[in-house]
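>>> here's a sequence, model it:
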Amino acid sequence: MKRTFKYILVALATVLTLASCSEEKKKKALLPNISGKAGEVIVVIGKTDWEGALGTVIRDTLACDCPYLPQREPLYSLVDVPMAGFNNMFQLHRNIIVVNISKDVTEPGVVYKSDVWAAPQCVIRLNAPDSETAVTLFKENSERIKGLLEEAERNRVITNAKRYEEVALAPVVTEMVGGSPHFPSGYKLKKKTDDFIWITYDTQFTQQSILVYKYPVEEGVDMMAPDNLIAANSKMLKDNVPGMFENTYMVISPIIRPSVKYMKYKEHAFAELRGLWDVHNDYMGGPFVTHVFYSPDGKYMVMLEAFVYAPKYDKRHYLRQVESVLYSFEWKKSKDEK
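Residues are numbered from 1 along each chain as shown. Just a heads-up that it's a prediction; the model follows:
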C-alpha cells in the first residue's frame, strides 16, 4: 500500500511539473521579441552610482577592450538608464542589468532571470543595501555576469542557426569528423579535402569563415599542449588557406601569441585558441577563435577555426557571430541515442 501511494505521489509530481513547464512555455511565447543591437547592454542605475565607484567597476568589467581584435573595441556597448526612465521601450532590450540599491534589501546578491519582459532576454539584477556593497558584489560576480551575457548572445545565434540552417553543410562535415556545427543560412562550402573543409559566408566587404581540420593523434605526445596546438593550427593554415597571390598564405600573426584556454561547454571539452591572423607576404588580417578536441575514439584531433575578415568595419560582432557557430557543434547521434 505504501509503495502504491509513493508511486501516486511521484506520478502527481511529474504531472504538475509538466503542467508548470507547459504554462511557462505559453507565457514566454506571448512575450514580444527583444530589441537592441547585439553586444549592447542596458544598465539601469542611478546617476550618482553610474558616475561613482560602481559605474567605474561596471565599465572596467563590461566596456573594457575586447581581447584579440586588431583595433580597440569594447567588450560590450553600455547604455546607462535611470530607474525613472526605465520604461517599456528599454524593458524590451536584449540584455539588461538592473542595479537595485535600497536599505530594504535583506538578501544582497546577483540574480539572473531570462525572458522577463521580452524573449530571448537576459536580465541580471544586482541587489544591495548600499553602494559599497554593490561594488563588492559586482567585483565578486564579474566573471559570472560576463559569462551570462556571453551565453545569452551566443544562444541567440545558435537558435537562429538551427531555425534557418543551411542543411546541406552539416552532412559534409559529419562525414569527415563524425559531427558538425549548425551553419546559418548563407554559408557556402568553399573547399574540401580528405582532412580539411572551408565553409564561408561572404558579403561584398566581409568574410566570416569556419575551417574544419582533422589530424591524427601521435602516441606519447601531449596533443593539448599549447605549443602543439599552435603548431597544428599553423600547419593547417599554411597547407590549406592560400592568399590571393603566389607564395601567400594565412598564418597566425607573429605580433602576439594566441591565448590557450581549456574549457567545457555542455559536456563538450575543448581547448580554445584566440588570436590574430595575417597573410604571409600580404597585408590582410583579422581575429580568429579555434576549438580543438579529441574524437570520441581518441584516434584523431578535430580543429574548428572561426575567423573574420572585415577591413572596413569593427569586428567584435562578426567574430561573436561566427564563434557562436563553433559552440553549436554536436556529435552525430547513434540510432540508439535518437
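
>>> care to break this structure down by domain?
By the assignment in automatic domain parsing, the chain contains the domains 40-160, 166-331.

>>> what's the span of the longest one from first residue to last?
When the termini of domain 166-331 are compared using CA to CA, to the nearest Å, they are 17 Å apart.

>>> save the domains of the chain as TSV, and put in distance to Pro32 and mean neighbour count too.
Just so you know, the C-beta spots here come from the backbone N, C-alpha and C atoms, and that holds for glycine as well. Output for the domains of the chain, formatted as TSV (distance: least, CB to CB, whole Å; neighbours: other CB atoms under 10 Å):
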stretch	distance to Pro32	mean neighbour count
domain 40-160	5	17
domain 166-331	23	17
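
>>> and these as JSON lines, adding mean pLDDT and distance to Leu31?
Formatted as JSON lines, the domains of the chain follow (pLDDT from 0 to 100; distance: least, CB to CB, whole Å):
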{"stretch": "domain 40-160", "mean pLDDT": "97", "distance to Leu31": "4"}
{"stretch": "domain 166-331", "mean pLDDT": "95", "distance to Leu31": "22"}
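
>>> which stretches in the stretch 201-338 of the chain count as strands?
Shown for the stretch 201-338 of the chain, the strands assigned by DSSP state E, counting those that start in this stretch span residues 207-216, 250-252, 259-265, 268-279, 285-294, 300-309, 330-331.

>>> format the domains of the chain as a markdown table; extra columns: distance to Asn33.
Below are those laid out as a markdown table (distance: least, CB to CB, whole Å):
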| stretch | distance to Asn33 |
| --- | --- |
| domain 40-160 | 6 |
| domain 166-331 | 18 |
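
>>> quick check on Glu73: phi, psi?
For Glu73, the backbone dihedrals are phi -140, psi 140 (criterion: degrees, to the nearest 10).

>>> that one and Pro120, how far apart?
Taking CB to CB, to the nearest Å as the measure, Glu73 and Pro120 are separated by 24 Å.

>>> do me a favour and get the end-to-end distance for stretch 291-299?
Using CA to CA, one end of stretch 291-299 lies 17 Å from the other.

>>> beta partners of the closest residue to Phe293 other than its chain neighbours?
Residue nearest to Phe293 in three dimensions, not counting chain neighbours: Phe270, with 4.0 Å by CB to CB, 6 or more residues apart in numbering. Using DSSP bridges, the beta-bridge partners of Phe270 come out as Met263.

>>> can you tell me what sits against stretch 321-332?
Contact partners of stretch 321-332, identified using CB atoms under 8 Å, 6 or more residues apart in numbering, comprise 38, 153-154, 157-158, 161-162, 174, 178-184, 201, 208-210, 265, 268, 289, 291, 296, 304, 306-308.

>>> ok, now which ones touch Asp195?
Shown here is Asp195, whose contacts under the criterion CB under 8 Å, 6+ apart are 176, 213-215.

>>> hmm, try it at 7 Å
Residues near Asp195 by CB atoms under 7 Å, 6 or more residues apart in numbering: 213-215.

>>> look up how far Ser259 lies from the residue most central in space within the chain.
Centroid-nearest residue in the chain: Arg154, 3.8 Å away (criterion: CA atoms, centre = their mean). For Arg154, the distance to Ser259 under the criterion CB to CB works out to 18 Å.

>>> which strand residues bridge the nearest residue to Pro254 once chain neighbours are set aside?
Nearest residue to Pro254, sequence neighbours excluded (CB to CB, 6+ apart): Asp278, at 7.6 Å. When bridges are taken as DSSP bridges, the partners of Asp278 come out as Val251, Gly285.
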